[in-house]
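1. Here is the input, now give the coordinates:
(chains A, B and C)
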Amino acid sequence: MLRKLIRHEFRATARLMPLLCLIVIALGVLAHFVLKLLDLSNLPFVVRLFLGSVIPLFVAALVAVYVVAVVVMVARFKRNVLGDEGYLTMTLPVSVHSIIWSKIIVSAVWFIAAALADAIAVWLAFFMNESVFEIIRDIWNGLMFFTGNNAWLIIEALLWLFATCFAGIVTSCLNFYAALSIGHGFSRGKMGFSVLFYFLLNSAASVLMTVVILVLSQSVLKVGVPSFGTSFAVSAMAEWRLLMGTVLGVYLVNSGIFYLLTCINLKKRLNLE
Amino acid sequence: MDWEFRQDAPIYTQIIEGFKLSIASGELKPGERLRSVRELAAWTGVNPNTMQRALTELEREGLVFAQRTSGRYVTEADDAVDRVRRELAESRVADFLAYMRKLGFSAGEIVNIIKEGDN
Amino acid sequence: MATLECIGLTKRYGSVEALDSIDLKVEPGRITGLLGPNGSGKTTLIKLANGLLTPTSGKILIGGMEPGVETKKIVSYLPERLDIPTWMNVTQLLGFFRDFYADFDLDRARDMLAKLSIDESMKIKAMSKGTREKVQLITVMSRRAKLYLLDEPIGGVDPATRDYILATIIGNYDPEASVVISTHLIQDVENVLDDVVFIDRGRIVLRSTVDDIREKEGKSVDALFREVFRC
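-> Take a look at the predicted model:
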């Protein structure tokens, strides 16, 4: 049943996102050519200004893809679970858990798609752009130097980062779901309560994260003098793992709480129409 | 059948009357096959249980019989049609006479009115 | 076994008591009218049967089971609101129902749609309100469910559509299933009902059959309703 829900969820949300991803990639290509043109220094100022405006537009598009993904996810939940469609969704012979999970999974996929589209667009924009290449090469060389030429460590560090970002996205997803579910249970001022609870939950989650990290940094993490080479890499990596792991852990705890809140409210306080 | 059901009597009795009228007037021929309970119910806009009850009663009175696999049929007994014609007529006449007596007409006056009315 | 059974069923919203200790049994093969004025608790009862609400106290059983995934498999629900996703076309909607409900009779649905000349490639949002309502009704009645819950199915529709809806309900009759129709428009629906339940301010005030009421009271259910609920 979960697979069917997921399939259906994709069909329902695939109106906007693929198009946006393509648009942002196309803008990446456009930005590429604009940058190439700007490199030629014999263009009149007005033309350079005009061309240059593509860049902020491109950056805006990169951000917009994420924003739209969030909006689509929130709107979908609100409409399909708490709106009139809720009469259909919540009487399907499936568990509440399946319903919530199908939405989380599909939202997560769209977020990853947005991230990939952005990455591809950026890469296309800076493809074979010498100045940018040099910057990247310098960063890479620096990292290799710090880690004692161990590329795997860099990759592992990046993986931790991506996993934690992903957990962060799922947590904010559930933050919205929980707030909407709680707000919906009130007979009046549903939207108002939803917004209120969004900020309450968000704040609580942030406070928890801050406290945990503070405790961690005071007790465990040591900011030592960097001694370059293999031993630094190992200890830095250990600290990175600990930091990322802890953040990941807090995200999981927050997600769990938001998930429970969503579940309970949909089961006990569903207030359609 | 475009029936208007009265509000004050059970529907199944009204359905029975309606069928009796159709049989008596020849609208439903002897031996004619009736449609299924569900079709009849949908056609007249009534609950199938109600239609079933009416048909069962008609069976009991011998106006309709059921063949196990092929459905219900109007009886082919000729005395049955005559019987129901008489029955319906007598019921109407009784009502008519009661009404006329209430208006104060005598038997003779009633006969004259009938003769005039049938011109 | 009763299709639907309520035992001391109570539902409270804060201080408001929507249902007060309801005892009810709906048997298979019967079409029951749940009749009462607006706000009497009809919709609350139906939502409890659907699992959209949970009881404050007491029990509600569908086919002997408490509301959950298993009961949702055998209950077909027509809400007052339009709940079908408007972005879909009819084919996709039928596919949706077939995906989630094992008892969905696709041929039956297509047959009913064809009789109304509804093009399956048409999007729901492109249809008129009346057509959408008919499509929703068709999806609900094409399920071979054990309990059909129809919440105000004929409110706000034109007479021809009303006749169509009632004819569909009759035509769909299954001696092993129960139909519960909740409405405050009794006159139009009376001929279709077997049993009636009058509900007022969360309490059952009368339980009878249409035939009994007409025979014993000598008046229609509608007339009796107006008497019982006279303001």
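
2. Now whatever residue of chain B ends up closest to chain C: phi and psi?
-> Residue of chain B nearest chain C, by C-beta to the nearest C-beta: residue B:7 (3.6 Å). From N, CA and C alone the C-beta is placed, and that goes for glycine too. When read as degrees, to the nearest 10, the backbone of residue B:7 gives phi -90, psi -20.

3. How about residue A:73: what's its closest non-neighbour residue?
-> Take residue A:73 and drop its neighbours on the chain: the residue closest to it by C-beta to C-beta, 6 or more residues apart in numbering or on different chains is residue A:107, 4.2 Å away.

4. And the helix or strand containing that neighbour, what does it pack against?
-> Using DSSP states H and E, residue A:107 sits within helix A:96-126. Contacts defined by 3 or more C-beta pairs under 8 Å, 6 or more residues apart in numbering or on different chains; DSSP states H and E place helix A:96-126 against helix A:2-13, helix A:17-39, helix A:54-77, helix A:151-184, helix A:230-268.

5. Counting by contacts, list what the helix or strand that the third one is followed by packs against.
-> The C-terminal neighbour of helix A:54-77 among helices and strands, as given by DSSP H and E, is helix A:86-89. Contacting helix A:86-89 under the criterion 3+ C-beta pairs under 8 Å, 6+ apart is no other helix or strand.

6. And the residue most central in space within chain B, how far from residue B:54?
-> Closest to where the C-alpha atoms of chain B average out (C-alpha atoms, centre = their mean) is residue B:20, at 2.5 Å. Applying C-beta to C-beta, to the nearest Å, the value for residue B:20 to residue B:54 is 10 Å.

7. swap in residue A:67?
-> Distance, residue A:67 to residue B:54, by C-beta to C-beta: 66 Å.

8. Same drill for these two, tell me which one is more crowded.
-> Shown here are residue A:67 and residue B:54; by other C-beta atoms under 10 Å in any protein chain shown, residue B:54 has more neighbours (26 against 12).

9. domains in chain A, as residue ranges please.
-> With domains defined by automatic domain parsing, chain A comprises A:1-128, A:148-273.

10. what packs against whichever helix or strand comes after the helix holding residue A:107?
-> Going down the chain from helix A:96-126, the next helix or strand is helix A:130-146, by DSSP H and E. Under the contact criterion of 3+ C-beta pairs under 8 Å, 6+ apart, helix A:130-146 touches helix A:151-184, helix A:230-268.

11. which of those helices is buried the deepest?
-> Among these, helix A:151-184 has the highest mean neighbour count (mean count of other C-beta atoms under 10 Å in any protein chain shown), at a mean of 19.

12. anything in that one near chain C?
-> No - using C-beta under 8 Å from any C-beta of the partner chain, helix A:151-184 stays clear of chain C, with a minimum separation of 12.5 Å.

13. That helix - contacts with which helices or strands?
-> If you count contacts as 3+ C-beta pairs under 8 Å, 6+ apart, helix A:151-184 packs onto helix A:54-77, helix A:96-126, helix A:130-146, helix A:190-219, helix A:230-268.

14. So which residue is dead centre in chain C?
-> Note: chain C centre (C-alpha atoms, centre = their mean) maps to residue C:150, 1.6 Å.

15. need the contact list for that residue.
-> C:78, C:140, C:169, C:179-182 (C-beta atoms under 8 Å, 6 or more residues apart in numbering or on different chains).

16. So which of those residues wins on neighbours?
-> Going by other C-beta under 10 Å, residue C:179 tops those with 27 neighbours.

17. Does that residue have any beta-bridge partners, and if so which?
-> Beta-bridge partners recorded for residue C:179 (DSSP bridges): residue C:31, residue C:148.

18. I'd like the distance from it to residue C:3, if you could.
-> According to C-beta to C-beta, residue C:179 stands 9 Å off from residue C:3.

19. what's the answer for residue A:249, then?
-> Taking C-beta to C-beta, one finds residue A:249 at 49 Å from residue C:3.

20. before we move on, what about residue C:140?
-> Distance from residue C:140 to residue C:3, by C-beta to C-beta: 16 Å.

21. swap in residue B:94?
-> Going from residue B:94 to residue C:3 by C-beta to C-beta gives 45 Å.

22. So the two - more neighbours on which side?
-> residue C:3 (27 against 10).

23. shouldn't that one be in contact with residue C:31?
-> No - using C-beta atoms under 8 Å, residue C:3 is not in contact with residue C:31, being 11.5 Å away.

24. what about the residue of chain C found nearest chain B, neighbour count?
-> Per C-beta to the nearest C-beta, residue C:220 is where chain C lies closest to chain B, at 3.6 Å. Other residues lying near residue C:220 total 22 when counted by other C-beta under 10 Å.

25. Surely it touches residue B:7?
-> Yes - between residue C:220 and residue B:7 there is a contact under C-beta under 8 Å: 3.6 Å.

26. Following the chain onward from the biggest helix by length in chain B, which element is next?
-> Secondary structure of chain B per DSSP state H: the longest helix is helix B:78-103. Of the helices and strands lying after helix B:78-103 in sequence (DSSP H and E), the nearest is helix B:107-117.

27. how about the spatially closest residue to residue A:269 that is not a sequence neighbour, what does it touch?
-> Nearest-residue entry for residue A:269: residue A:185, 3.3 Å, with adjacent residues in sequence omitted and distances by C-beta to C-beta, 6+ apart. Shown in contact with residue A:185 (C-beta under 8 Å, 6+ apart): A:265, A:269-271.

28. can you pick the most crowded of those residues?
-> residue A:265 leads the contacts of residue A:185 on contacts (other C-beta under 10 Å) with 23 neighbours.

29. Surely it touches residue A:178?
-> Yes - Residue A:265 lies in contact with residue A:178 (C-beta under 8 Å); the separation is 7.5 Å.

30. Please name the nearest non-neighbouring residue to residue C:206.
-> Closest residue in space to residue C:206, ignoring its immediate chain neighbours: residue C:198 at 3.9 Å, by C-beta to C-beta, 6+ apart.

31. what pairs with the one you found across the strands?
-> With DSSP bridges as the rule, residue C:198 is bridged to residue C:35, residue C:206.

32. OK, contacts around it?
-> C:35-36, C:204-207, C:225, C:228-229.

33. Residue A:91 is in what secondary structure piece?
-> Under DSSP H and E, no helix or strand contains residue A:91.

34. Please name the residues that touch it.
-> By C-beta under 8 Å, 6+ apart, the residues touching residue A:91 are C:50-52, C:72, C:75, C:77.

35. repeat that for 7 Å
-> Neighbour list for residue A:91: C:50-52, C:72, C:77 [criterion: C-beta atoms under 7 Å, 6 or more residues apart in numbering or on different chains].

36. No further questions, thank you.
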